[in-house]
Structure formats: structure tokens, C-alpha cells
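Chemist: Would you be able to build a 3D model of this:
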Amino acid sequence: MTPQVHHHGAEELCDAGLELYARALRDGHLPSAEAATAPCLIDNGILQPAIDDLDRLEPVAPTVALQRLLRSAEERISVERRRGQRLADAFEPLMRLERRAVGGEESPHLRLLGSKEQVGQAISEAMAEGKHQLLAIQPHEGLVVPPFRYHEAAMERDQAFLDNGGRVRALYQHTVRHAPLIIGRYERLRGDVEARTLDQVTNRLIIVDDTVAFIPASADRSLALEVRHPALITYFINTFDRLWHLATPMHPQAVQQPTVNGVTPRQRAIAALLIEGHTDNVIAERLGMNVRTARVHIAKLAATLGSESRAQLGYLIGQSGILDPEG
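Modeler: Below is the predicted model:
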């Protein structure tokens, strides 16, 4: 039999591969010759030669197979992200040159802000003109504390907005629920202000009324876009509202997240990302903590579930039911 030519990605399985893998799981093994119709099973290490019979292939556990495929996909995504970052870094000075060249001829709906100072000034001006609401998504960046002068300036800006009758709604990651800087900020503000948290949030977003929004335009946030297109503003507000209803209140009335079977809410969030095959670095970035803290929580989770390896941990997470909707 001539092997079929497979054109799917390295981290995927074809229909023939899935069928053979299912049969190998049912029977416990498979003749080596039959794997020729689905070489992806061998390439991904999903079928492995038996120790006592090299002409027989035995399947690895589905949880292990899934983690291998997800890890391959994550590595490919990481390569593309690095490539994208290199392109962004290369084009950033070109974008600055373009802005100087076109002057005031840019779109009235989009304006590129070329420095953090310019971004701060634009936000302050928008809030000074705003009357109704400020919606903000503020991803936490590994306990990075802004300079005191920036923090105080933002406090004054927010309080002035509240004093003019506006309301403030802010979304953070769960990792800031006990951060003194964040808690102190909301204890000092007077007016209609609320804050909630999620395991993960989107990139930074600030919306003033239904008029203007600010989003990052570069990885280090030195560039930002000021957006005034009505359709985009409506989309941003709808996105914020849906996240807001999923979030856990933090201020003014905090709601405590429950610990289930000895597993904390933060460990459950980590568990959800672990079974998706994410690396420690990605988990830390997504949840707004440093890598060392993420690894401490992973170790505690492994100890709680009695895991002795990363592969076993993924299996035990699935068996434990800690990620079930009922908790």
C-alpha cells in the first residue's frame, strides 16, 4: 500500500490518524505497518514501538498526546509572535516618520499618539470633556509600579471626572485584588466608581463616554491609537460590558472567590491554562504575575492533586473536576 501524502499541520491529526489512534486505544496496540497510512501518529510520538516487539505500536495516553500537540502549536505561535514583534519594532520608527510627514492629514477617526506623554495628555483632555462614563481595562504587568508622579496625576484626573458627575468602571486581573497600590487608589476616590476582576483581561483599553477610545499601538505602549469611529467605539463598549458581567466585584463591595477542595481560584486559573498546553511564561503573562510566582502556584497545585510530573498534572486536573462549571 502506498502511503497517502498528508498536508495538514505538524500539530494536527488527520482523519485517518484519529481513526487509527482510537483503534490503538481500544486494542492496546497496533501493527507497525498500519501506521504508514497516518505518519503523523509516529511524527508526533502518539504511537510508540513496544519494548518487547518492535513490529507493534502502542498508544500514549490521550492527555499526554494532547499536551504534545498543544505544546507544538504553542511553540509555533511563539515563533510567529516573535516575528510579529520584530516587524513591529522595525516599523515603529517608520510610523513616526509617516506621522511627521502627513501632519494633520490623518483620518479624523484615528490618530496616532507617538509618546507616553502624548497619550497621557490626550486621555486627560478627553476626560476633561467627558460627562458620563469612563470604562477602563487595565492589565496588570507583573507588579510593575508606575512612577509616583504618574499615579498621582491619574488620581487627580479620575477624581475631577467623578466630581463632574461621571462614573468610572475598571477591570483588572484577579492578581491585583490585594495589591496595596490598587486598593489604596479606590479607597481614596470619591464618587460613582467600581472595580471588578477577571482571571484574564484584554490588552489595555480606555473609553470616555461613547466618543473616544484609546488602545495600544506598540508592544511597549509608547504608541497608542486614539479612536473616534462610532462603530469601533460601540464594539469596544459591548466588549467591555460582556467582560464586566463576567467579572468578580472588587470595589466598593468585594466578593471573595471560593477555594474548592483545597484549590484556590488562582490555581484554578492556572490549571485551565495548563491543560491548554501553555508554558510558564505565557501563563504568567496572561494572569498578570511573574514567572516565579506562577511556578510556585503550579507546584502547590501539583502537591494538592498528588502529581509527580507535568504530564500527570494535566491528567489529574482533568480527572479532579476543579474546572467543572459547578466547581
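
Chemist: how far away is Thr211 from Leu223?
Modeler: Summarising the geometry, the distance separating Thr211 from Leu223, computed by CB to CB, to the nearest Å, is 21 Å. C-beta: built from backbone N, CA, C; applies to glycine.

Chemist: Between these two, which is the more surrounded one?
Modeler: Relative neighbour count places Leu223 above the other of Thr211 and Leu223, with 21 against 15, counting by other CB atoms under 10 Å.

Chemist: Next one: the residue lying closest to that one once chain neighbours are set aside from Gly114, what distance?
Modeler: Excluding the flanking residues, the one nearest Leu223 by CB to CB, 6 or more residues apart in numbering is Ala217, at 3.9 Å. Using CB to CB, we find Ala217 at a distance of 9 Å from Gly114.

Chemist: Quick check: neighbours shared by these two?
Modeler: Leu223 (CB atoms under 8 Å, 6 or more residues apart in numbering).

Chemist: tell me the secondary structure for Asp210?
Modeler: Remark: Asp210 carries the secondary structure label coil [criterion: DSSP: H, G, I helix; E, B strand; the rest coil].

Chemist: Next up, the contacts around the spatially closest residue to it that is not a sequence neighbour.
Modeler: Closest residue in space to Asp210, ignoring its immediate chain neighbours: Ile233 at 5.7 Å, by CB to CB, 6+ apart. Residues near Ile233 by CB under 8 Å, 6+ apart: Ile207, Asp210, Thr211, Val212, Ala213, Val227.

Chemist: Rank those by pLDDT and give me only the lowest.
Modeler: Ranked by pLDDT, the contacts of Ile233 bottom out at Asp210 (89).

Chemist: how about the strands in the stretch 151-300 of the chain?
Modeler: Secondary structure of the stretch 151-300 of the chain (DSSP state E, counting those that start in this stretch): strands at 167-173, 193-198, 205-208, 212-216, 224-227, 248-251.

Chemist: whoops, I mixed them up, the stretch 1-150 of the chain
Modeler: For the stretch 1-150 of the chain, the strands defined by DSSP E, counting those that start in this stretch cover 30-31, 47-49, 56-59, 110-113, 133-137.

Chemist: which one of those has the most crowded surroundings?
Modeler: strand 133-137 (a mean of 21; mean count of other CB atoms under 10 Å).

Chemist: angle of it against strand 212-216?
Modeler: Per axes from the mean of the first three to the mean of the last three CA atoms, to 10 degrees, the angle that strand 133-137 makes with strand 212-216 is 10 degrees.

Chemist: so Arg23 touches Ala35, yeah?
Modeler: No. Between Arg23 and Ala35 no contact is recorded; they are 11.0 Å apart, counting by CB atoms under 8 Å.

Chemist: Please say which of these two ends up with more neighbours.
Modeler: Under the neighbour definition other CB under 10 Å, Arg23 and Ala35 were set side by side, and Ala35 has more, 21 against 13.

Chemist: isn't the more buried one right next to Leu47, touching?
Modeler: Yes. Judged on CB under 8 Å, Ala35 makes contact with Leu47 at a distance of 5.7 Å.
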